[in-house]
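> What would the 3D arrangement of this be:
(chains A, B, C and D)
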2 protein chains.
Amino acid sequence: MSLPHALLTALLERPASGSDLASRFDRSIGHFWHASHQQIYRELARLEEAGWIESLPEEPTRGRKRAYRILPAGREALRDWLRLPEEPTVLRDALLVRLRAEAIVGPTGLEDEIRRHLALHQDKLAQYREIEARDFPGGAPAERGAALQHVVLRGGIRYESQWVDLLTDALEVLARPVPESAG
Amino acid sequence: MSLPHALLTALLERPASGSDLASRFDRSIGHFWHASHQQIYRELARLEEAGWIESLPEEPTRGRKRAYRILPAGREALRDWLRLPEEPTVLRDALLVRLRAEAIVGPTGLEDEIRRHLALHQDKLAQYREIEARDFPGGAPAERGAALQHVVLRGGIRYESQWVDLLTDALEVLARPVPESAG
DNA sequence: TTACACATGTAATGAGTTACATGATTTG
DNA sequence: CAAATCATGTAACTCATTACATGTGTAA
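Below you'll find the model as predicted:
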């Protein structure tokens, strides 16, 4: 349950409309929390209802931009949330299930799919490394906030690297000749 | 949408009751796909309805074990699923949102929470390494199925290592003295 | 014979996805 | 002005979580 808090954080960084937020969720924020525009609009309405954010103009604006900004109560709610414990996200990845299934009912042609995912993860890894080179040219920054952003970015880099390693290993195994009995 | 396929895979490995599956989802399968017992019972009912698995006894069994096993149609459905492309899971982790929020509204005491998560990930990493030492004492196995299981297990090890690294980095930054203006 | 753990479920709620709808703005 | 695009929504559905309910077997 972090979408509202991801939105509050984004609005704290700077005020934005729903579509602004949607495009930010496709980029920087989306590196660690994804959300569709439908989710975002619905959640913004809830946050405004709760008095944590406000928007202009006040009249209904179908088709027109509506600018949201955070209110003091929203900032407090965010701080409160940071004080609460929360369990780590449980890993839940379909590709790993598929690898396990392939080990039993294979071969099935999962190899092409693995190659496709490998390319996607390599792309993302390259993107993250570009961002790091651009935004943190001198390595880890001294300033606290920037340093935390750098930690998160490096987390993304490690995450993608790990996928590249796993998928490379998987391809090596899948390329082996299959015993007669299998299938 | 992989719970049904995770269940089919588990039942293909060996027949089981709902509670058997629930405990397996707390261990080996849970390393890459988590599910609660409520989800499992509901999904088993659906799979049986679809004719992919069957169970004994046939009468209602509240309080008594019901043994499920996979049917040929279920095996086929699993193979079909392996042929379909599927997008990579999007990363969605609350702790990274919290780190980003902390960078702006902090300090908030998130440090203790990070330390707690660090300990959890270190534990899990140790567990995985024990499993590897026990089940794959000679390193990567030659046999295809076992080799794939080893790939997935090493993926788990890399995943937890990466969290340990990230959280260690985060603690180092959070330990820095905070400038006067923040808060 | 009661208490407890086990096994199988039901119900309510909330989060996320997919498909669709509508008004405003820009561009050929 | 017609078509494409942008921006804001609505609705229906599925998946997951939380809380609760009910029957069985076992051990104090």
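> CA atoms of stretch A:10-17 as PDB?
Provided in PDB are the C-alpha atoms of stretch A:10-17 (Å, rounded to 0.1, in the frame of the first residue of the first chain):
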ATOM      1  CA  ALA A  10       6.400  13.000  -6.000                       C
ATOM      2  CA  LEU A  11       4.300  16.000  -5.200                       C
ATOM      3  CA  LEU A  12       6.600  17.000  -2.500                       C
ATOM      4  CA  GLU A  13       9.500  17.000  -5.000                       C
ATOM      5  CA  ARG A  14       7.400  19.300  -7.100                       C
ATOM      6  CA  PRO A  15       3.600  20.000  -7.800                       C
ATOM      7  CA  ALA A  16       2.200  18.200 -10.800                       C
ATOM      8  CA  SER A  17      -0.900  17.200 -12.700                       C
END
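> need the strands for chain A, in chain order.
Per DSSP state E, chain A carries strands over the ranges A:16-17, A:53-56, A:67-70.
> Out of the ones you listed, which is closest to DNA strand C?
Judged by C-beta to the nearest atom of the strand, the one of the strands of chain A that comes nearest to DNA strand C is strand A:16-17, at 12.1 Å. Bear in mind the C-beta positions are built from the backbone N, C-alpha and C, glycine included.
> how close does the spatially closest residue to A:Pro85 that is not a sequence neighbour get to B:Leu167?
Spatial nearest neighbour of A:Pro85, chain neighbours left out: B:Glu113 (5.8 Å); criterion: C-beta to C-beta, 6 or more residues apart in numbering or on different chains. The gap separating B:Glu113 from B:Leu167 is 10 Å, by C-beta to C-beta, to the nearest Å.
> who's more crowded, these two?
B:Leu167 (24 against 19; other C-beta atoms under 10 Å in any protein chain shown).
> Could you measure from that one over to A:Pro72?
31 Å.
> now do A:Ala103
55 Å.
> residues near the closest residue to DNA strand C within chain A, how many?
Chain A approaches DNA strand C most closely through A:Gly63 (2.7 Å), counting by C-beta to the nearest atom of the strand. A:Gly63 has 5 neighbouring residues, counting by other C-beta under 10 Å.
> Any buried residues in stretch A:130-137, and which?
For stretch A:130-137, burial by neighbour count (16 or more other C-beta atoms under 10 Å in any protein chain shown) applies to A:Ile131, A:Glu132, A:Phe136.
> Narrow these to those in helices?
Among those, the members falling in helices (DSSP state H) are A:Ile131, A:Glu132.
> A:Thr168: what's it in contact with?
A:Leu118 (C-beta atoms under 8 Å, 6 or more residues apart in numbering or on different chains).
> tell me the helices in chain A, going along the chain?
Using DSSP H, helices in chain A cover A:3-13, A:18-25, A:37-49, A:72-83, A:94-105, A:110-135, A:144-174.
> what about the ones you listed, which gets the closest to B:Ser28?
Evaluated over these, closeness to B:Ser28 peaks at helix A:94-105, with 9.1 Å, by C-beta to C-beta.
> What parts of chain A come near DNA strand D?
A:17-20, A:37-38, A:41-42, A:44-45, A:60-66, A:90, A:92 (C-beta under 7 Å from any atom of the strand).
> ChimeraX command to pick out the buried ones of the residues you listed?
To isolate the buried members of the residues of chain A next to DNA strand D in ChimeraX, using 16+ other C-beta under 10 Å:
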select /A:17,18,20,44,66,92
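> So for the spatially most central residue of chain A, what's the nearest residue that isn't a sequence neighbour?
With distances taken as C-alpha atoms, centre = their mean, the residue of chain A nearest its centroid is A:Phe32 (2.7 Å). Nearest residue to A:Phe32 in three dimensions, chain neighbours excluded: B:Leu96, at 3.7 Å (C-beta to C-beta, 6+ apart).
> give the contact list for the one you found.
Contacts of B:Leu96 by C-beta under 8 Å, 6+ apart are A:Phe32, A:Trp33, A:Val152, A:Gly155.
> Scan the residues you listed and report the most crowded one.
Neighbour-wise, the contacts of B:Leu96 (other C-beta under 10 Å) top out at A:Gly155, 25 neighbours.
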